[in-house]
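**Q** predicted coordinates and the sequence they were generated for:
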Amino acid sequence: MAFAQVETLANGLTLAVEEQPWNPGIALQLLVPVGATTDPQELEGAANLLEGWLWKGAGDLDARALAEAFDELGVRRGSGVGLEYTTFAASFLPEYLDSVLELYALILQKPRFDEALLEPVRQVALQELAALEDQPPRKMGAALRRAVFASTHGRYAAGSKEGLTSATPEALRADFQRRYGAKGSILAVAGGVGFAEVREAVERHLGTWGGVAPASPEPVLTQPQAIHIEQDTAQVQIGLIYQDVGPGHPEFYSARLAAEVLSGGMGSRLFTEVREKRGLVYSVSASPQGVKGFSYLLAYAGTTPERAHATLEVLRAEIERIREGVSEEELERAKIGLRTALVMQEESARSRVGSMARDLFMLGRIRPLAEIEAEIAAVDLSRINRFLADHPYKDPWVGTLGPKLAQRQTQNA
Amino acid sequence: MQRAATTLACKEAKLPNGLRVIAEVNPEAKSLALGYFVKTGSRDEAPAESGISHFLEHMVFKGTLRRDALEVNLEFDRMGAQYNAFTSEENTVYYAAVLPEFGGRLLELLTDLMRPALRQEDFDTEKNVILEEIALYADRPNVMLFDYARSKFFRGHPLGNSVLGSIESITAMTREQMAAYHARRYAPANMVLAMAGKLDWPAMLEQVAQLTADWQPYAVHREYPPFEALPGDVRESYPKATQTYLALLAPGLSAQDERRYAAAVLASLIGEEGNSRLYWALTHRGLVESASAGHDDSDQAGLFYIYAQTDPQNEAQVVDILREELNRLQAHGVSAEEVRRAKNKLATGIVFAGETPLNRLFNLGMGYQYNGVYEPLSEMARKVEAVTPAEVNALLEAKPFSRGFLYRMVPPD
């Protein structure tokens, strides 16, 4: 089974490489811990604007020349801003590794930040924000997270209208200098390439990148509460957030397996009880999520207004009932489900670099797949059931979005 | 580092009942994927059957004479299968990936499912799930946009039929209609069983021959009415939209036409994210939230599609620029450089499309369904590589975008 080698370079950049000799391509992910949680108070959305502005030219290359340089190499690239970090992802053929790193080094170290090109970046960001109105599940999710966190973790990753509108070029340039640093950033590479070759190329191009990225703030929670957003939608959106144990906890894999019993496959409890038996929804799920310092179980269902009350009731009851324990057969299915997902993730370099970078960010190390397999195998029935009895899912934050009718119904829940 | 040569072997067979079986065997893979590709979709539905192909796809998972719905779901989960199904205008596909040791068991399950019991009670429950899915998409203007745009563009041609159907057509649908549709469309000769990854070909082939020994052979008919695209521009308000959504559809090449590779290159240089004509004309200038283009090759027909999402106040300007760009493209053709760059990116995409057996399966099954030949990804990459600027310009000589149909979805006044 594959194994990622990790080394922290002299400038503090963490490099992780997983050699996949069978793979004809290379996938790369650069994670810079610059996200909404560390956006300055008066500059919500700065991370989002910076990510867009960075693509508008670097060094001698204007925006078009930069894009064409990537295309000449046949690079498939993407970038995005989240709550806690910005990622730059690329996939390409091994012979272009050196040239690809050279381009990213240029972007990180010599961005042009042309003032005239900030305005269009701002316009795109504002339109993205406005489009949230046409995406009810995302809108509900954003509102629910805002209700859960008293800290900056409750922000919307793309920023606020005020922050996006008021950001000046000077403030953004200063913010870039302050937050975009090598120390604390992570570069994950997987594919048909060796560690030494990658290390040498990274040293050559990113060895002189300096600076220190910001530390992650501590999440602060509110008291569990229910919120409702009124909107004339065809479906009511329902979200629940339950406190859960995180990857540092000794029973982390018991919790992962419990989430799998709840929502792993189509034979899982939520799918069976909410959709298959009752036909209440098209989508229902519960998945382990987290920010650095706080892990939670996020449950979701979407249903038409007349069924909203019943759906919320069944959803909550099924999740909270798991404190009574799971069966031997459920545990077996959960184990094979998790194991299969692991093996299949390893087959794709693109998904592998994503989890390598995230592991390094959240845990400071990459969990070898063999270790995860052993941890999963070590959870037996009495252990998981003892854990579930001691750590029951209860007192969720509840978010709903939909027509007025649903509000009356869900408040009775 | 030495790059390992992947040893892929292609196998194909036709069973006495007419079922075609194709496999791409890779002993190095860590998983295997199987799929039934049924040549049926909304284009094959009578008006009273609108949405029946997709509803049937759901009902297939509700059990057979030997298994009820719960047992189907549990059996998938016991194998840790990653599985799903989808329905389009002309294909219904059931697929799953598992660890190699479960290959035979998965084949038995998927094959059994192709002869569903269609029990009345399940039919009634699942009807609610379908109605929920219709409600889900009603809340997403960017999805509804293409349903409406296709219906206007195809003007009564069956490729304009909605996959989901309507609340009215689904509500009125009976189990007997579905049984008749299944009997008419799910003939062995109308299906392809595709396999990819680590598998034992002789054993799998023998097993599927036994499992389908009682499937009766018969012929299935598909209508190919003539279609001629006509220019048009329709603007309609949608109550749930706050942004403006534009779809421009224009005649393209069919899945049987070798010029579809040139069409893919053309679509890429028109609308690829990050570097394309529309990117520089619209996104880079901050006029849209996003703009993209693609080419969709169907059975004996095809279309180019262009999508843009924008702030309502930009609508007129965006439409003007869009038309201007397309007119300029048709008048002056493409440059050798932009063709080369678009090809590079497409070629890298094809390399990564082959990372996992599940990804390879779709290419394998679709290609065989349309053309009856095995076309490996390496051959697709070669054909993309061979596209010349002259071939792309030849497509533009027919002035496809002058016959394009523009559909605008705008917020209510």
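**A** Yep, it's here.

**Q** who's in contact with A:Thr208?
**A** A:Asn11, A:Gln109 (Cβ atoms under 8 Å, 6 or more residues apart in numbering or on different chains). Yep, even glycine has a C-beta here, placed from its N, CA and C like the rest.

**Q** distance check, it against A:Leu31.
**A** 20 Å (Cβ to Cβ, to the nearest Å).

**Q** can you list the low-confidence ranges for the chain?
**A** If you meant another chain, say so; for now it's chain A. In the predicted model, chain A carries pLDDT under 70 at residues A:1-2, A:405-413.

**Q** try again with chain B
**A** For chain B (pLDDT under 70), the answer is B:1-6.

**Q** show me it divided up by domain.
**A** If you go by the TED database, the domain ranges for chain B are B:10-212, B:232-410.

**Q** residue contacts, the residue lying closest to B:Val129 once chain neighbours are set aside?
**A** Once flanking residues are discounted, B:Val129 sits nearest to A:Gly279: 5.2 Å by Cβ to Cβ, 6 or more residues apart in numbering or on different chains. Contact analysis of A:Gly279 by Cβ under 8 Å, 6+ apart lists B:Thr125, B:Glu126, B:Lys127, B:Asn128, B:Val129, B:Glu132.

**Q** just the buried members of the residues you listed?
**A** Among those, the ones that count as buried by 16 or more other Cβ atoms under 10 Å in any protein chain shown are B:Thr125, B:Glu126, B:Lys127, B:Asn128, B:Val129, B:Glu132.

**Q** what is the nearest of those residues to A:Leu117?
**A** Among these, B:Glu132 lies closest to A:Leu117 (Cβ to Cβ), at 44.0 Å.

**Q** chain B contacts on the stretch 1-150 of chain A?
**A** A:19, A:21-25, A:27, A:55, A:63-64, A:67-68, A:70-78, A:91-94, A:119-124, A:126-128, A:130-131, A:133-136 (Cβ under 8 Å from any Cβ of the partner chain).

**Q** and those residues, which of them are buried?
**A** Buried among these by 16+ other Cβ under 10 Å: A:19, A:22-25, A:27, A:55, A:63, A:67-68, A:70-71, A:73-77, A:91-94, A:120-124, A:126-128, A:130-131, A:133-136.

**Q** torsion angles phi and psi at A:Thr87?
**A** Dihedral pair for A:Thr87: phi -120, psi 150, per degrees, to the nearest 10.

**Q** tell me the spacing between the residue in chain B positioned nearest to chain A and A:Arg365.
**A** Chain A sits closest to B:Gly286 of chain B, with a gap of 2.9 Å, by Cβ to the nearest Cβ. Separation of B:Gly286 from A:Arg365 (Cβ to Cβ) stands at 41 Å.

**Q** those two: which has the busier surroundings?
**A** Of the pair B:Gly286 and A:Arg365, B:Gly286 is the one with more neighbours under other Cβ atoms under 10 Å in any protein chain shown, namely 21 against 13.

**Q** wasn't that one part of a helix?
**A** No - read with DSSP: H, G, I helix; E, B strand; the rest coil, B:Gly286 is coil and lies in no helix.

**Q** show me the contacts for the residue nearest in space to the middle of chain B.
**A** Nearest residue to the geometric centre of chain B (Cα atoms, centre = their mean): B:Ser88, 5.7 Å. By Cβ under 8 Å, 6+ apart, B:Ser88 lies in contact with B:Gly41, B:Ser42, B:Val163.

**Q** can you show me the helices along the stretch 201-350 of chain A?
**A** Secondary structure of the stretch 201-350 of chain A by DSSP state H, counting those that start in this stretch: the helices cover A:252-263, A:269-270, A:308-321, A:328-347, A:349-363.

**Q** who are the packing partners of the first one?
**A** I take that to be helix A:252-263. For helix A:252-263, the packing partners by 3 or more Cβ pairs under 8 Å, 6 or more residues apart in numbering or on different chains; DSSP states H and E come out as helix A:269-270, strand A:284-291, helix A:328-347, helix A:369-377, helix A:381-390.

**Q** would you reformat these as CSV and include distance to B:Ile22 and mean neighbour count?
**A** Shown next, in CSV, are those (distance: least, Cβ to Cβ, whole Å; neighbours: other Cβ atoms under 10 Å in any protein chain shown):
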stretch, distance to B:Ile22, mean neighbour count
helix A:269-270, 36, 20
strand A:284-291, 34, 19
helix A:328-347, 21, 19
helix A:369-377, 32, 15
helix A:381-390, 42, 16
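
**Q** wait, which of those is closest to chain B?
**A** Evaluated over the helices and strands packed on helix A:252-263, closeness to chain B peaks at helix A:328-347, with 3.4 Å, by Cβ to the nearest Cβ.

**Q** other SSEs contacting the closest one?
**A** Against helix A:328-347 (3+ Cβ pairs under 8 Å, 6+ apart) you get helix A:252-263, helix A:349-363, helix A:369-377, helix A:381-390, helix B:69-78, strand B:82-87.

**Q** nearest to A:Val291, out of these?
**A** helix A:349-363 (8.8 Å).

**Q** need the contact list for the residue nearest the centre of chain A.
**A** When Cα atoms, centre = their mean is applied to chain A, the residue found nearest the centroid is A:Gly82 (6.8 Å). Contacts for A:Gly82 were tallied using Cβ under 8 Å, 6+ apart; they are A:Gly35, A:Ala36, A:Ala157.

**Q** so which residues on the stretch 301-413 of chain B come close to chain A?
**A** Counting by Cβ under 8 Å from any Cβ, the stretch 301-413 of chain B sits next to chain A at B:309-311, B:341-342, B:344-345, B:347-349, B:351-352, B:354-358.

**Q** flag every residue of the stretch 151-300 of chain A that's near chain B.
**A** A:192-194, A:197, A:232-235, A:264-268, A:271-272, A:275-283.

**Q** hmm, 7 Å instead?
**A** A:192-194, A:197, A:233-235, A:264-267, A:272, A:275-276, A:279, A:281-283 (Cβ under 7 Å from any Cβ of the partner chain).

**Q** give me the element B:Ala194 is part of.
**A** strand B:191-197 (DSSP states H and E).

**Q** what comes up buried for that strand?
**A** Applying 16+ other Cβ under 10 Å to strand B:191-197 flags B:Met191, B:Val192, B:Leu193, B:Ala194, B:Met195, B:Ala196, B:Gly197 as buried.

**Q** quick check: closest non-adjacent residue to the first one.
**A** Right, B:Met191. B:Val38 (5.0 Å).

**Q** same deal with the second one?
**A** Nearest residue to B:Val192, sequence neighbours excluded (Cβ to Cβ, 6+ apart): B:Phe37, at 4.4 Å.

**Q** what lies in contact with the helix or strand containing B:Leu406?
**A** If you go by DSSP H and E, B:Leu406 is part of strand B:405-410. Residues outside strand B:405-410 that contact it (Cβ atoms under 7 Å, 6 or more residues apart in numbering or on different chains) are B:141, B:145, B:148-149, B:152-153, B:231-238, B:241, B:244-249, B:312, B:315.

**Q** narrow those residues to those in strands?
**A** B:Gly232, B:Asp233, B:Val234, B:Arg235, B:Glu236, B:Ser237, B:Thr244, B:Tyr245, B:Leu246, B:Ala247, B:Leu248, B:Leu249 (DSSP state E).

**Q** how many residues are close by the nearest residue to the second one once chain neighbours are set aside?
**A** By that I understand B:Asp233. Spatially, and ignoring its direct neighbours in sequence, B:Asp233 is nearest to B:Leu406 (4.6 Å; Cβ to Cβ, 6+ apart). B:Leu406 has 22 neighbours, counted by other Cβ under 10 Å.

**Q** list the contacts for B:Glu168?
**A** Counted by Cβ under 7 Å, 6+ apart, B:Glu168 has zero contacts.

**Q** my error: substitute A:Gly210 in the last question.
**A** Applying Cβ under 7 Å, 6+ apart, the residues contacting A:Gly210 are A:Asn11, A:Gly181, A:Ala182.

**Q** this completes my enquiry, with thanks.
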